[in-house]
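Visitor: this is a predicted model, with the sequence first.
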Amino acid sequence: ATERTLSIIKPDAVAKNAIGAILQRFENAGLRIVAAKMMHLSPAQAGGFYAVHKERPFYGELCAFMSSGPVLISVLEGDNAIARNRELMGATDPRKAEAGTIRADFAESIDANAVHGSDAAETAAWEISYFFSQLEIAGRE
Ligand code: CMP
């Protein structure tokens with residue numbers, strides 16, 4: 001089924017000038033970019049996005065890292081978009097990510113791991129609505 005998922009190209013990958021290379025991978029895999037914006041998140045904005053992890057020991061560092069520089073936030077649309085994006089990203093910890101995945105190729109550590117992608121349909125809907133209004137999303141047929 002056609003799905004939408006939220007993608008964030010994180011500050012480490014933006015600093016490496018890898019936005020284009022990463023978006024190219026999404027497009028090459030048949031995902032369409034239906035919304036995109038660049039933001040430099042405040043710690044509070046990052047914290048709200050990752051509220052589900054509030055009790056985890058890495059929450060503070062995660063919020064600090066995600067607000068350390070600009071990010072490119074996008075909505076990807078396509079057949080099976082959530083799982084397809086997760087395959088393209090590879091494992092959260094780049095040391096465990098399969099060769100040829102975005103994290104294997106661009107990530108430095110579990111914190112600076114290049115990209116975020118929604119993990120399920122419900123989280124995708126919530127994450128998209130956290131950053132984008134309906135009017136900012138341009139579905140294409
Ligand atoms: P992301 O997919 O953006 O979701 C939460 C992020 O927390 C995750 O990627 C990692 O960058 C970061 N993180 C740091 N430590 C851990 C950990 N032990 N387990 C999961 N995520 C972690």
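Guide: On my side now, so go ahead. Numbers count the residues shown, from 1 in each chain.

Visitor: okay, CA-based contacts and neighbour counts for the rest of this
Guide: Noted.

Visitor: what about Ala99, how many residues nearby?
Guide: Number of residues near Ala99 (other C-alpha atoms under 10 Å) recorded here: 12.

Visitor: tell me which element the residue lying closest to it once chain neighbours are set aside falls in.
Guide: Closest residue in space to Ala99, ignoring its immediate chain neighbours: Asp105 at 7.5 Å, by C-alpha to C-alpha, 6 or more residues apart in numbering. If you go by DSSP states H and E, Asp105 is part of helix 102-106.

Visitor: pull up the pairing partners for the helix or strand that comes right after that helix, direction included.
Guide: Moving toward the C-terminus from helix 102-106, the next helix or strand (DSSP H and E) is strand 115-117. Partners of strand 115-117 in the sheet, by DSSP bridges, are strand 2-9 (antiparallel).

Visitor: the partner strand and the ligand in contact?
Guide: No. Judged by C-alpha under 6 Å from any ligand atom, strand 2-9 and the ligand are separated, with a smallest distance of 7.8 Å.

Visitor: buried residues in that strand?
Guide: Neighbour counts over strand 2-9 (16 or more other C-alpha atoms under 10 Å) mark Glu3, Arg4, Thr5, Leu6, Ser7, Ile8, Ile9 as buried.

Visitor: what does stretch 62-81 give?
Guide: Per 16+ other C-alpha under 10 Å, stretch 62-81 contains these buried residues: 62-78, 81.

Visitor: of those residues, which ones also sit close to the ligand?
Guide: Leu62.

Visitor: in helices, which of the buried residues of stretch 62-81 appear?
Guide: Leu62, Cys63, Ala64, Phe65, Met66, Ala81 (DSSP state H).
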